[in-house]
Each structure stands twice: as structure tokens, then as C-alpha cells.
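1. coordinates for the following, if possible.
(2 chains)
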Amino acid sequence: MEKLRSFFSNNAIEIEKDRMLQVYGALLSSVHVLTWVFWNLFGKSILTVFSDKLKYPVCWGFLENCAQIRPLNESVLQFLNYGYLVAGLVGVMIFLIPGRTKLAYYFFLFLNLFKMSLYLQDYRLMGNYHYMPFIVSFVFLFVPNKRQCIQVIVIAFYFGAGLLKMNYEWISGSAMVHAPIIQGKLLEAACAYVVLLELVFVWLLLFRKKKFFYFAAIQVFCFHAFSWTIVGFFYPLTMGVLLSIFFMDRYFEHYPDRLRKRENLIENEEAIYSKLLRGKLAKPTYGCLTIFALMQLAPWLFGAHSSITSEGRIYSLNMFDAQTQCDTMMIARYKDYSAEAWERHDRMGYGVRIWCDPLVHYSKAKWICEQNRIFSDFKDMDIYMNSRRRSDSEYVRVYAVQNICSEDPGYNVFIPNSWIEEDKL
Amino acid sequence: MKLEYSVLLAKLLAVIAVIFVAYPKILDPDSIFTHVKYELPALPAPIYSDKYMATLNEDLLSVTYQYRGGVEHLGYSDSRKLRVKLEEDWRTDLLNVAVHGASKASPAVDKSGAYIGSDSSWFYAYNHDGSLKWKHYVANSAAGIHSTAALDKKYVYFTAYNGVLYKFEKKSGAMIWTIDLGDATGASLVLLNEHIYTAVETSGPPNGYVVKVDRRTGEITWRSPWLGEQAHSTPTIDVERGRIYLGANNKKLFALSLEDGSKIWEVEIGGEIKGTVTLVRDRVIFASWNGLVEARSVEDGTQLWKYDIEDRSQSSATYVPGEDLALIGGNSGRFVALHVQTGAEKWRYETGFNRLRASALVIRNQDRPKQWLAWMPCAADWLCAFNASSGKILKKYELSSHLTGVPAVFGGALYVALDAAGGLVRYR
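-> Numbering: from 1, shown residues only, chains lettered A, B, ... in the order given. Next up, the predicted model:
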């Protein structure tokens, strides 16, 4: 217990000693405010997923019976929802009050747990724009040498995203969720350039030389500014917050009471990139990097078609590497020989990344089974899905499960699910 | 520091090399820069059930019913007969709910029962005593089901306005396979040998194509090129010449190759073609929204004759074999008999029903086998048995709602599907 207390205390002290980290903590807290705006103004909130239109739960694979742990009362939901906004704002303020860093640290821990408790209520709330702030917040809270580690992890986000985008789907431009302003060859060239930016140029953010740093920074800025037109405000602003550490690390000294420009000094420092290559960064940074890299490998362990099966993707970045389209069908059968289908063109209010995720449709089927169990004329249900990546010319069968209510195959987040026909894709 | 930049440069080159080696398509401008062309949607695959595999080994089953009698859509039946005087045998509950002004599905009837889709999205299978055998609700089909089912000895095939083609077992209602053909399908199905043909609509932008689907597997054999607009017209097949004829909403009549769906010819008509083309010998007869009934040559689409029906028409012509007549109605309420060879009017009947969309069923009179009867609405909610030769009404039946499709006959009984507030009615 003492070790644990000491662990938390040491992390809090590191932030207490570094004014830049306090400002960064405030910015990370502001992501929660942005999250609230995103959830509430763009119909993605916990309130929405409980609304009549989407009243059935779509559970995370590791929380199959999430309906039972949901807060059921509307006023409780409202309280939690607005409580989250207030908590986000308080989190920002505490970090900015000098001498309140320890309180801010523990409050930030609470704030992340708060968000996580809402986030896990429904799989429809998932998104890369939450995954990355959660990881950075984890590093901010628990990993020493935060300045370095966060920068390396943020670069790893881009590199991981770049690797995911190394496919025809992305480079052809067909992974775009909305048609961007540019089209045709220009779009394809831009998509190829993004891969280059994320795999290569982004590393220049770890350089100390001004020309290299700004060479990368301006491109990253332009990339996110352009992406705003496609993905909306939340993603670019969140990335802006995460990226702010690169600027602050250049212009904030470690223990200043005031801001001091030190461009000339910094050019002579050894770059984090160089330290990273020479093994000079702190061991926890390499540990974080390794764990993050292993998480990105998870979908590959589930098979070569994770963009279609979605298995293992909860562990990894989930970028616009491939947009899937699917043909789904659910048939509920009744004892009077009638049958009712839910099928086709039915995105059911899901986000672009999950509308063809077998887990989503499995979860809906389970909910329908549960709702119909009380009716004596209900017999059983069958579910089917064919999918393709948008650039594929043909659909392929992903699953066909008959009698899912009586013979529930279950969903396993740790191993490939036998009912998902990954081997036939 | 120099070492650092060298390493960086080497890595950069290595990554680029890996990209190009692993993804050679990047190097092929033809493959990467051509995907934005306006191509047909991705080829769908059928969704199939456990029963599917067993069906693949079955012998090809004979067709027991399809829309308007056969692939030429002549609309008459030589083998089935019907008396003029019939009594209502039974009537089902509400069938259609009138979500759409177009013609609704007609019943498909054979030995096993009567099958019909409704614009409320339910597909029904009835026994001959009027009891419900099974029913299936199709989803995401705002206009429900408008197409008439096709039957073989064991299975029923139908499409819905959600663009999906279904194959169900007639006896149990079990799904064998379904395939998502496009955004909507209002046309009926045509069964020929091992394949199913139908017209498919897309909505963004409005367009359409014809598909040929394998009856056993549900897989698409070919899709025609874009027609240029949505097609509600059921394809008509000319086996002898290896062609398919149909019209579309872009006021064009098409002849496609039966072999691969490619266009043989297309002609401007001047009005949208909503009904089905009737193939009689060397000509196709059809009506359109330009107020004309026309006959055109199957060779190149040249006009052979035209008849002014004085309003839009989405009715389909029915052939009367002994008389060489084509019977057709128009929205003006006129029901007319035209000589197939010349287009001259032989007789006409003004129904006074200005939404006359139904097509006639021509069948032999059971009591006078040489006489052809034409079953067609003669007023808004009335069905009449006409003498097809003279246009004289032999018997009237009050329906209680509109008939927008075409009646069906089996076992000496007449099956009539009604629009809103009506059901499926059997007269015997």
C-alpha cells in the first residue's frame, strides 16, 4: 500500500515540479470538455444511446451483459452527463491554480475513470479519438519522464496509423467517410502523402533543429486542418491538444516560473529522436512503446482480415485505414410460421468504424433474443453478414449463425470467434 | 548528428521501398487512378442458410408460375380455363396499405398455394383454402413489395423495394438465400432455365440495370451496363433472338443481349416506360407516359405503329391469340383492343376509372373453350369478364377496392389481389 501511495505521489511530484506538465494536464482535462461537447452536440452521448431510437445496448465484447450495469434512471443519466462536463471544467482549472498540483493530479485520475465508466456503457461510444487521449492520460498519470514518453507515444500513434494506412483501400481514397473537397488523382496523391507524413516526416517533431521541427509541424497542422472537413472538429482538436506537448517542450524550461523563449538553446540539445535511437531515454518510455506496439499487433493475431471481422481492434488504433460495407440480415422466427427480418442498408445510427462490426450485430441480436424470450410464440433468430472493404469488388460471407438465441456462440475478445468465418475471407 | 540524418534518410528510403514492394498497385497508375469511374456497385454475394448446400444438388425444378405467363409476357393462358360465373370463395384480411401509387404485386399461384407480397413489406403464403401458410416481413423497404413472385416446384422467388431478391422454400417459408441486388426492385422476376432475370434500381443518382442470377446459388451471373435511369419494367425475354427488352424512366426502350447483358440497341420513346413489354412475333408492344401505345420492331426498335390512348399508361399489353389482338389500358380509364399487326382499334371500353393501371388476364372460357375471356377492371372497384373478341362485358364483380395488377388463375379459381383496404380474394 505504501509503495502504491509512493508511486502515485512520485508521479504527482513530477508534474508539480514541471509547470509545462501542469499546463499540459489542463489541456488534457480540456479534452474531457471537448468530449462532452462532442457527445452532446453530435448525438453520440450516453443519453443518445439510451434514447428510444437506439434503446438496445451494444455491449463491448468483454462486457456482454452491459445492460445490467447501466444506470437506468433518466435523471441519473442527466446528472452523470452534466457532472462530467463540470468535472472536465474543474479539472482544467485546478491544474492552472499554482500549488494545487497534487489535487489536480488525483482529480485528473478521477476524471479519466469517470469518462471510462461512461465510455464502457456502450460500444457505440468507441472511437480512436478516445483511445489516444486515454493512452496519453495513462502515461501522464503513471509513467515517469512524462515529457519524453508522451512525445514518443504520440509519434507512435502516427506511425501506427501510417502502417494501417499502407493499403490500397486508404491510398485509393475509398476509406474516406465523407467525400473530401479534393477528388481524383489529387485525393490519391494526398492519401499517399499522408502515409509518408505519418511514417516518416512526423518523426521530425522529435528533432531540435528548428527547420526540421517546423517542416513536420506545419504539415501535421495542415493535415489535421484538412481532416476537419472530413471528420469534424473533435478529432483535430483532440490531436491538437496531444501535439501541444511538442511545442511546449521547446518553449517551456523544466522548472520555470515564467515562460521563456529558448529557441537558440534548444537547437543545441540532443533531440529525443537521437536519444530514442541511442537507447538514452528512460526505460519506462521504451516499456510504454513496446506495450503500445504489441497492442497494435493484436488485430494481426486474430487474422489477416481484421478490418472486416473487427476482432482484436479494440486493443489497437482504429483509423480510417479501411471503410467496410456490409449486407446484414437478422430473421426472427415465430411459432406461427411468421418471420420478421432486420436487414440491409441498416446502419442503425452506428459510427463508420463499427457499422459492419460483427460484435455490434451480435449484440443487437442478443438483445432481440432477450426481449422476445417472454413471448411464447417466439421461436428463434438467425443472423447473417456479408462484408467487403470499400475497394473490394465483391462481398464475402462473414458469418451465418442460425438459432442464435438457443445456441448462443458467445463473443470472445481474447481469441478468434469460431462463428466469424475469418478463414473463408 | 550527421549519422542521425543518414539513418533517417535510410529509413525513409526503406519504408518507401517496402510500400512499393508490398503494394505494387501503387506503381500501376491504371489500377490506382481509375477507381473513381462511375462503375456498377460492388458485386454482392448471397446470404444463405444451412439449407442452401442441400439445394445445390437438386435437379433443376420446373417453373410453375411466373408473371404474365411466360418470358414473353403475353399475359394469356392456354392451358388454364375459367368460367364466367364465379362466387367469392374466401378473402384475406388487409393486404396492401397503399404506400405508393404504382401497380402492386399480383398473386402467384400453383398447386402448393398462393403467394403474394404487399406494400406493407409482408410476403404471404396461403393455402388454397385461404389459411395462412407462412409470412415473412422484409425490412428497410419503404414501399414494401411490388413485384410478383415466381414459383418453381419447391421454391418461391420474389424481390422487394429494398433491392433484395429472396428464395424461400414454399412449404416452410425457410430462407434458402437472399441477395442484395441494389437500392430497389419494383420489377417482377423472370425465370428462364437456370436463371432469374430482373431490373434493379439505384437511387444515388437514379439509375438501373438488369441482372441475371443463378437460380440455385443466388450468385449474379452478369449485370447489364447502366440503363441511365431507374427501370420498373419487368424484362421480357426473346429466347429465339437471344435478347431482353425493357423500358426505363429515361424514356428509352432497350434491347439487351441475353448472353451477357450488353446493349444491342436503345431507342428514345418520348415517355417513361413503367409497364412490361409484350413480345409478339417480330415486335414488342408497350405503352408509356407519352400517351401512346406502340409496336416496335425487335430488330432495331423502329416504330411499326402507334395508338394514342390519350393519357399516360403503365399497363401492359395482353395478347389474345385467336384474334391477334393486344389489350391494354391507360390512366384515362380506356381499355382498348388493338390489332397486333396494324395497331387499328378493334374495340374500346371506357371504364371511367382514371387510375386504370391494371393489365388484363386473357384465358379460355371453361364453358365455351373457343371463346377468350379478358379479365380487367371495368370501373374503379369492379372486375369484369370481357369477351376478348368483341369487348362485351359478360359478368361484373364488385371488388371493394382497386385492382392494380393482374389476376391469376389456378384450378378453376380466380385470385385477385386488391390495393388498400382490400385483401387477396379467391373466386370459384
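
2. after the lowest-mean-pLDDT helix or strand in chain B, heading C-terminal, what element do we hit next?
-> Least confident helix or strand, chain B: helix B:29-32 with a mean of 40, by mean pLDDT, DSSP states H and E. Next along the chain after helix B:29-32, taking DSSP states H and E as the criterion, comes strand B:47-48.

3. which ones are touching residue B:372?
-> With contact set as CB atoms under 8 Å, 6 or more residues apart in numbering or on different chains, residue B:372 has these partners: B:76, B:320, B:321, B:322, B:323, B:362, B:363, B:364, B:365, B:387, B:388, B:389. Any C-beta I mention is one placed from the backbone N, CA and C, and that applies to glycine too.

4. all strands of the stretch 1-150 of chain B, in order?
-> B:47-48, B:63-65, B:76-82, B:88-91, B:108-110, B:113-117, B:122-126, B:132-137, B:150-152 (DSSP state E, counting those that start in this stretch).

5. who touches the first one?
-> Going back to what we said before, that points to strand B:47-48. Contacts for strand B:47-48 (CB under 8 Å, 6+ apart): A:327, A:329, A:384, A:385, A:386, A:397, A:400, B:176, B:177, B:178, B:179, B:218.

6. the closest residue to chain A within the stretch 1-150 of chain B pairs with what?
-> Chain A sits closest to residue B:134 of the stretch 1-150 of chain B, with a gap of 3.8 Å, by CB to the nearest CB. Residue B:134 has these beta-bridge partners by DSSP bridges: residue B:125.

7. just give me the neighbour total for residue A:419.
-> 18 (other CB atoms under 10 Å in any protein chain shown).

8. just checking, it touches residue A:408?
-> No. The pair residue A:419 / residue A:408 is not scored as a contact, 9.9 Å apart, by CB atoms under 8 Å.

9. got the contact list for the residue of the stretch 1-150 of chain B closest to chain A?
-> A:337, A:338, A:339, B:125, B:172, B:173.

10. rerun at 7 Å
-> Counting by CB atoms under 7 Å, 6 or more residues apart in numbering or on different chains, residue B:134 makes contact with A:337, A:338, B:125, B:172, B:173.

11. and the third one, what does it touch?
-> It refers to residue B:125. Residue B:125 is in contact with B:113, B:115, B:133, B:134, B:135, B:170, B:173, counting by CB under 7 Å, 6+ apart.

12. right, and the third one touches residue B:127 too?
-> Yes. Because the distance of 5.4 Å satisfies CB atoms under 7 Å, residue B:133 is recorded as touching residue B:127.

13. between these two, which one's more packed in?
-> Neighbours were counted for residue B:133 and for residue B:127 using other CB under 10 Å; residue B:133 has more, 18 against 11.

14. separation between the residue lying closest to that one once chain neighbours are set aside and residue B:103?
-> Of all residues not flanking residue B:133 in the chain, residue B:125 sits nearest, at 4.1 Å (CB to CB, 6 or more residues apart in numbering or on different chains). Between residue B:125 and residue B:103 the distance, using CB to CB, to the nearest Å, works out to 21 Å.

15. ok, back up a step: of the contacts of residue B:134, buried ones?
-> Neighbour counting by 16 or more other CB atoms under 10 Å in any protein chain shown classes A:337, A:338, B:125, B:173 among the contacts of residue B:134 as buried.

16. of all those residues, which two lie farthest apart?
-> Greatest spacing in the buried ones among the contacts of residue B:134, by CB to CB: A:338 and B:125 (10.3 Å).

17. which residues do these two both contact?
-> Residues within reach of residue A:338 and of residue B:125 at once, by CB under 7 Å, 6+ apart, are B:134, B:135.

18. spell out which parts of chain A neighbour chain B.
-> Residues of chain A lying close to chain B by CB under 7 Å from any CB of the partner chain are A:166-168, A:171-172, A:174, A:183-185, A:188, A:199-200, A:274, A:277, A:327, A:329, A:331, A:337-346, A:382, A:384, A:386, A:388, A:391-397, A:400, A:402.

19. pick out the residue nearest the middle of the chain.
-> All of this is about chain A. residue A:128 (2.2 Å; CA atoms, centre = their mean).

20. wrong chain, I was asking about chain B
-> Closest-to-mean residue, chain B, CA atoms, centre = their mean: residue B:188 / 1.8 Å.

21. that one should be in a helix, yeah?
-> No. Counting by DSSP: H, G, I helix; E, B strand; the rest coil, residue B:188 falls outside a helix, being coil.

22. ok, it touching residue B:151?
-> No. Residue B:188 lies out of contact with residue B:151 (CB under 7 Å); the separation is 12.0 Å.

23. identify the residues contacting the closest residue to chain B within chain A.
-> Residue of chain A nearest chain B, by CB to the nearest CB: residue A:337 (3.8 Å). Each residue near residue A:337 by CB under 7 Å, 6+ apart is listed here: B:133, B:134, B:173.

24. kindly report the same for residue B:314.
-> Residue B:314 makes contacts with B:103, B:274, B:275, B:357, as judged by CB under 7 Å, 6+ apart.

25. and the pLDDT at it?
-> pLDDT, residue B:314: 91.

26. and residue A:16, by the same measure?
-> Residue A:16 is given a pLDDT of 91.

27. what about residue 126, how many residues nearby?
-> Chain wasn't specified; assuming chain A. The tally of other residues near residue A:126 (other CB under 10 Å) stands at 20.

28. should've been chain B
-> 22.

29. with adjacent residues omitted, what lies nearest to it?
-> Distances taken as CB to CB, 6+ apart put residue B:114 closest to residue B:126, at 4.6 Å, once the chain neighbours are dropped.

30. same check, this time on residue B:424
-> Nearest non-adjacent residue to residue B:424, counting by CB to CB, 6+ apart: residue B:92, 4.6 Å away.

31. what's the neighbour count on that neighbour?
-> Residue B:92: 19 neighbours (other CB under 10 Å).

32. make sure it is actually in contact with residue B:130.
-> Yes. The criterion here is CB under 7 Å, and residue B:92 meets it with residue B:130 at 6.4 Å.

33. so residue A:379 sits in a helix?
-> No. Counting by three-state DSSP, residue A:379 falls outside a helix, being strand.

34. OK, contacts around residue A:271?
-> A:206, A:207, A:208.

35. residue B:137 now?
-> By CB under 7 Å, 6+ apart, residue B:137 lies in contact with A:339, A:340, A:341, B:121, B:122.

36. so which two of the residues you listed are the farthest from each other?
-> A:339 and B:121 (12.0 Å).

37. run through the bridge partners of the residue nearest to residue B:366 when sequence neighbours are not counted.
-> Nearest residue to residue B:366 in three dimensions, chain neighbours excluded: residue B:81, at 4.0 Å (CB to CB, 6+ apart). Counting by DSSP bridges, residue B:81 is bridged to residue B:364.
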